[in-house]
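K.L.:
I need the structure of the sequence given here:
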Amino acid sequence: MWAIPTFIAIIFGLLAYYNVKQFSHRTVPIVRRRLEVQLTVMILVEVIFNFFATSPTIILPIQMKLDFAPKIVMSDFEPALMGVVKTEFSAATHSSCYFHFTQAIYRNIQRLGLCTIYNHDDDVKHFCRQLKALPLLPEPVIEDTYDELVRDLSTNMSKTMKHLLEYFQEQWFAKVPVSQWCVHGLSMRTNNNAEGTHLFLFLLKTHTVIFLLAFHSRFNRRVLVHHPNIWSFIKFLQGEESRFYHMNIQFAAGLGARAKQAKTIVIQRRIDCLDKRYYDGLINVMEYLNGLSFTVPKRKK
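P.N.:
From the prediction side, this is the model:
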């Protein structure tokens with residue numbers, strides 16, 4: 001009897017859906033580990049196909065000739081992950097989490113020592129919120145709108161924002177393509193619902209598949225120690241297996257997505273209204289950006 005936890009078996013099953021013929025010779029990403037002084041990196045694990053060859057979870061999709069081909073992938077901004085998605089799912093649209101984008105900007109506001117002026121100067125705060133709202137614009141106008149936004153700054157504001165703008169240009173135009181962080185037109189702009197267990201949401205033609213790719217964030221919260229021993233790890237896996245088994249039953253029975261909060265619905269209506277006014281030619285792009293900036297959540301002091 002197979003003792004592979006269901007969520008691990010499903011990982012290999014979904015990969016088998018994607019490319020059965022080459023599955024035994026592929027190097028596939030299935031685990032991620034957070035290092036102390038580095039960004040989260042992808043660890044590539046060589047799949048030993050013969051070990052899993054008799055698993056029903058893999059044999060069944062091979063027999064059914066299922067094709068796992070996601071149309072949209074939502075994730076955070078980890079470079080290794082971007083490369084893997086581009087290689088493995090070249091036909092999919094890969095967008096990154098808007099929440100992570102705004103968090104990255106705020107972390108750099110803190111790093112650059114701008115928190116005090118950000119909290120007390122309304123002009124600085126409004127400009128930063130306009131930067132955070134850029135991903136909500138249509139992709140073709142983002143760079144030109146950014147240039148216009150910078151040109152309109154006063155001399156004093158330009159000096160104050162100099163290092164933040166240098167970071168923004170280097171990170172969000174040079175390193176990360178605009179297409180990666182543009183979330184215009186997406187009803188789901190974050191992966192927050194999935195972040196606790198590192199789920200990936202793949203939107204397919206007929207239904208939504210929630211794919212558990214890694215779980216180190218949840219692992220850290222549940223284990224509560226930096227270096228758990230093997231027995232703690234095994235106990236955690238047993239608990240996760242039981243949890244995932246019940247989740248699997250619930251989704252198979254038609255469990256839907258979590259209902260949106262009233263605040264989220266109101267914000268989406270504002271964005272939809274601004275989109276319509278812009279496309280109808282009632283407002284220009286700077287007025288459009290200015291309106292979108294008020295939909296960006298405020299940071300608490």
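
K.L.:
switch to C-alpha atoms for all contacts and neighbour counts from now on
P.N.:
Noted.

K.L.:
for the record, mean pLDDT for stretch 74-85?
P.N.:
The pLDDT scores in stretch 74-85 average 75.

K.L.:
Sort out which residues of that stretch are buried, please.
P.N.:
By neighbour count with 16 or more other CA atoms under 10 Å, stretch 74-85 contains the buried residues Met74, Ser75, Asp76, Phe77, Leu81, Met82, Val85.

K.L.:
pull the CA atoms of that stretch into PDB?
P.N.:
C-alpha atoms of stretch 74-85 as PDB (Å, rounded to 0.1, in the frame of the first residue of the first chain):
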ATOM      1  CA  MET A  74      -0.500  33.900 -10.000                       C
ATOM      2  CA  SER A  75       2.500  33.900  -7.700                       C
ATOM      3  CA  ASP A  76       4.900  36.200  -5.900                       C
ATOM      4  CA  PHE A  77       8.100  37.800  -7.400                       C
ATOM      5  CA  GLU A  78      10.700  35.100  -6.800                       C
ATOM      6  CA  PRO A  79      13.100  35.100  -9.800                       C
ATOM      7  CA  ALA A  80      13.700  31.300  -9.900                       C
ATOM      8  CA  LEU A  81       9.900  30.700  -9.900                       C
ATOM      9  CA  MET A  82       9.400  33.200 -12.900                       C
ATOM     10  CA  GLY A  83      12.000  31.200 -14.900                       C
ATOM     11  CA  VAL A  84      10.400  27.900 -14.100                       C
ATOM     12  CA  VAL A  85       6.900  29.000 -15.000                       C
END
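
K.L.:
Longest helix of this protein, counting residues only.
P.N.:
Assignment by DSSP state H gives helix 230-252 as the longest helix of the chain.

K.L.:
which other helices and strands contact that one?
P.N.:
helix 6-18, helix 216-223 (3 or more CA pairs under 8 Å, 6 or more residues apart in numbering; DSSP states H and E).

K.L.:
which stretch in the ones you listed has the least confidence?
P.N.:
Among the helices and strands packed on helix 230-252, helix 6-18 has the lowest mean pLDDT, at a mean of 49.

K.L.:
Tell me where the stretch 151-300 of the chain is predicted with low confidence.
P.N.:
191-221, 257-258, 299-300 (pLDDT under 70).

K.L.:
Show me the helices in it, by range?
P.N.:
155-169, 178-181, 192-195, 216-223, 230-252, 262-279, 285-293 (DSSP state H, counting those that start in this stretch).

K.L.:
still on that earlier bit, same list, the buried residues of stretch 74-85, but as JSON lines with distance to Lys175 please.
P.N.:
Formatted as JSON lines, those follow (distance: CA to CA, whole Å):
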{"residue": "Met74", "distance to Lys175": "18"}
{"residue": "Ser75", "distance to Lys175": "17"}
{"residue": "Asp76", "distance to Lys175": "14"}
{"residue": "Phe77", "distance to Lys175": "11"}
{"residue": "Leu81", "distance to Lys175": "14"}
{"residue": "Met82", "distance to Lys175": "12"}
{"residue": "Val85", "distance to Lys175": "17"}
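
K.L.:
list the contacts for Phe101?
P.N.:
Lys132, Trp181 (CA atoms under 8 Å, 6 or more residues apart in numbering).

K.L.:
now it: how far from Trp181?
P.N.:
For Phe101, the distance to Trp181 (CA to CA, to the nearest Å) stands at 7 Å.

K.L.:
just Phe251 next, same as before
P.N.:
Distance, Phe251 to Trp181, using CA to CA: 30 Å.

K.L.:
the more surrounded of these two?
P.N.:
Trp181 (24 against 13; other CA atoms under 10 Å).

K.L.:
what's the neighbour count on Lys86?
P.N.:
Lys86 sits with 13 neighbouring residues when counted by other CA under 10 Å.

K.L.:
and it, what element?
P.N.:
For Lys86, the element it lies in under DSSP states H and E is helix 79-88.

K.L.:
Give me the helices and strands touching that helix, please.
P.N.:
Under the contact criterion of 3+ CA pairs under 8 Å, 6+ apart, helix 79-88 touches strand 41-46, strand 93-96.

K.L.:
domains of this protein?
P.N.:
Domain ranges of the chain: 6-96+190-252, 98-185+260-293, per automatic domain parsing.

K.L.:
tell me the phi and psi of the spatially closest residue to His100 that is not a sequence neighbour?
P.N.:
Here the nearest residue to His100 in space, its sequence neighbours aside, is Asp76; by CA to CA, 6 or more residues apart in numbering that works out to 6.5 Å. Here is the backbone geometry of Asp76 (degrees, to the nearest 10): phi -90, psi -160.
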